[in-house]
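Chemist: structure here, sequence nowhere to be found:
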């Protein structure tokens, strides 16, 4: 399996995991009746997880665009400027998805434990199915982050193969 097929397989898995994460978070809701008359619905708005949904969608679209352009631009495989651009965009996408997922995990921990000093009540003792589904989505988000880091490593290898291993950022002789 050559490098291009391996990278394509990783990008397809990234897209699937990011789409799964977005769908699990976006369409997760649970309604409970409290005090016999008051209905409370837990959605992704309660956790302020809509930022994670949009970041995951943007990262999935980025991976899709990279997948399409990688096959169309095979003849530019020797262009180091293009390799720098792909490397930097892959790094930015991986770090952005990681930071958004980490922020969602922190919000989820507050939903599990509550925060007495701010008088925030626990959410997961009442909405257990909602919290389990959010937890599954966050696991998918971290799996997508790991795959994005591997993809960024492949793009780093594609970039730094142009440079000499003995001298810092000096191009190899042809």
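Modeler: Thanks, I have the structure now. Nothing here was measured: the structure is a model prediction, and the numbers come from that model.

Chemist: which SS state does the residue at the greatest distance from the centre of the chain fall under?
Modeler: Going by C-alpha atoms, centre = their mean, the residue of the chain most distant from its centre is residue 36, 39.8 Å out. Under DSSP: H, G, I helix; E, B strand; the rest coil, residue 36 falls in the coil class.

Chemist: phi, psi of it?
Modeler: Here is the backbone geometry of residue 36 (degrees, to the nearest 10): phi 70, psi -10.

Chemist: tell me how far it lies from residue 130.
Modeler: Distance of residue 36 to residue 130, given as C-beta to C-beta, to the nearest Å: 21 Å. C-betas here are computed from N, CA, C, even on glycine.

Chemist: look up the closest residue to residue 105, ignoring the ones flanking it.
Modeler: Spatial nearest neighbour of residue 105, chain neighbours left out: residue 138 (5.6 Å); criterion: C-beta to C-beta, 6 or more residues apart in numbering.

Chemist: quick check, pLDDT for that neighbour.
Modeler: Model confidence at residue 138, given as pLDDT, is 88.

Chemist: which element is it on?
Modeler: In the assignment (DSSP states H and E), residue 138 maps to helix 128-160.

Chemist: what residues of that helix count as buried?
Modeler: 130-131, 133-134, 137-138, 140-145, 147-148, 151-152, 154-155, 158-159 (16 or more other C-beta atoms under 10 Å).

Chemist: try stretch 18-34
Modeler: Across stretch 18-34, burial judged by 16+ other C-beta under 10 Å covers 18-22, 24-26, 28, 30.

Chemist: measure the residue nearest the centre of the chain to residue 107 for me?
Modeler: Relative to the mean C-alpha position of the chain, the nearest C-alpha, by C-alpha atoms, centre = their mean, is the one of residue 97, at 3.6 Å. From residue 97 over to residue 107 the distance is 16 Å, taken as C-beta to C-beta.
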